[in-house]
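Chemist: For reference, the sequence and a predicted model appear below.
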Amino acid sequence: MGCVLVDDNGKALRNAIIWADSRASKQEVFMQAQIDPYHFYKITGHRPAAFYSLAKLLWVKDNEPEIYKKSHKMLNAKDYIVHQLTGEFVTDYSDASSTNVFDISNKR
């Protein structure tokens with residue numbers, strides 16, 4: 001799990017940020033202020049937290065805006081490998097749910 005930002009060709013734009021990296025604690029606080037935690041949980045199945053992908057993406061947006069602007073997709077590490085092997089941008093529901101950006105009820 002984590003955050004691998006790629007361009008539209010699937011080329012990594014920066015080193016991956018792994019799930020255990022907690023640099024996005026400020027972004028976690030921001031997310032918690034934007035939406036009721038219970039409502040967020042009902043959508044994603046998780047609480048907003050710095051170790052999920054969304055907080056890491058927001059960290060890049062705040063701290064590396066040039067990388068964020070070039071980003072086409074945010075992938076998990078294994079999904080990046082799958083893309084390199086197949087050329088496809090894919091994931092599975094269980095991994096998508098751990099990004100904090102997946103609607104578990106509507107599977108999107």
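Modeler: That came through, no problem.
Chemist: which residues in this structure form strands?
Modeler: 2-6, 17-18, 73-75 (DSSP state E).
Chemist: what comes into contact with stretch 58-73?
Modeler: Here stretch 58-73 makes contact (CB atoms under 8 Å, 6 or more residues apart in numbering) with 3, 5-8, 10, 13-14, 17, 23-24, 26-27, 30-31, 57, 89. The way it works is simple: take the backbone N, C-alpha and C, and place the C-beta from them, glycine included.
Chemist: a markdown table for the strands of the chain, including distance to Asp103, mean neighbour count and mean pLDDT?
Modeler: Shown next, in a markdown table, are the strands of the chain (distance: least, CB to CB, whole Å; neighbours: other CB atoms under 10 Å; pLDDT from 0 to 100):
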| stretch | distance to Asp103 | mean neighbour count | mean pLDDT |
| --- | --- | --- | --- |
| strand 2-6 | 19 | 24 | 95 |
| strand 17-18 | 23 | 18 | 96 |
| strand 73-75 | 16 | 20 | 97 |
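Chemist: now those strands in CSV, with distance to Ile104?
Modeler: Shown next, in CSV, are the strands of the chain (distance: least, CB to CB, whole Å):
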stretch, distance to Ile104
strand 2-6, 19
strand 17-18, 23
strand 73-75, 18
